[in-house]
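*Asks:* Can you look at this prediction? I've put the sequence above it.
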Amino acid sequence: MSNPPAKALNASPDALDTSPEARAHQIEAWRKLGPAGRLEIALEMSETMMELALDGLQARHPDEPRSRLRSLLGARRPSPGRIHGRGSAP
């Protein structure tokens, strides 16, 4: 699979605190990762967000077992079909 065109990597607006030179380095780093590397980072970030959400639930419900909170969080997590409007909400 080939690298995405520069336009795709430049689709997000530049951060106000990022110089054009730094942004160019970021884009080059993303290109060097390739699709599999970018996917791995996205999956790691998703897992980190799930753990943060679980930590928040645990703080609000300290007596609940973590396994129960994980189940509750999973039930609230949208499926790909629901994200893209092809499914119905539970």
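*Replies:* Structure received.
*Asks:* Please work out how many residues are found near residue 53.
*Replies:* 15 (other Cβ atoms under 10 Å). (Each C-beta comes from the backbone N, C-alpha and C, glycine too.)
*Asks:* surely it meets residue 70?
*Replies:* No. If you go by Cβ atoms under 8 Å, residue 53 and residue 70 don't touch, sitting 9.8 Å apart.
*Asks:* dump the residue contacts of residue 21.
*Replies:* Counting by Cβ atoms under 8 Å, 6 or more residues apart in numbering, residue 21 touches no other residue.
*Asks:* Looking at the host helix or strand of it now, give me its mean pLDDT.
*Replies:* Counting by DSSP states H and E, the element that carries residue 21 is helix 20-60. Averaging pLDDT along helix 20-60 gives 92.
*Asks:* Counting by contacts, list what the next helix or strand after it packs against.
*Replies:* Using DSSP H and E, the helix or strand that follows helix 20-60 towards the C-terminus is helix 66-76. Here helix 66-76 touches helix 20-60, going by 3 or more Cβ pairs under 8 Å, 6 or more residues apart in numbering; DSSP states H and E.
*Asks:* what's the angle from the helix it packs on to helix 66-76?
*Replies:* If you take axes from the mean of the first three to the mean of the last three Cα atoms, to 10 degrees, helix 20-60 sits at 120 degrees to helix 66-76.
*Asks:* Adjust the sequence numbering to begin at 45 for everything that follows.
*Replies:* From this message on, residue numbering opens at 45, which makes the last subject helix 64-104.
*Asks:* Now stretch 88-108: buried residues?
*Replies:* If you call a residue buried by 16 or more other Cβ atoms under 10 Å, then stretch 88-108 has these buried ones: residue 101.
*Asks:* what about residue 83, neighbour count?
*Replies:* Neighbour count of residue 83, defined by other Cβ under 10 Å: 11.
*Asks:* now swap in residue 77 and tell me
*Replies:* As a burial measure, residue 77 scores 14 neighbours (other Cβ under 10 Å).
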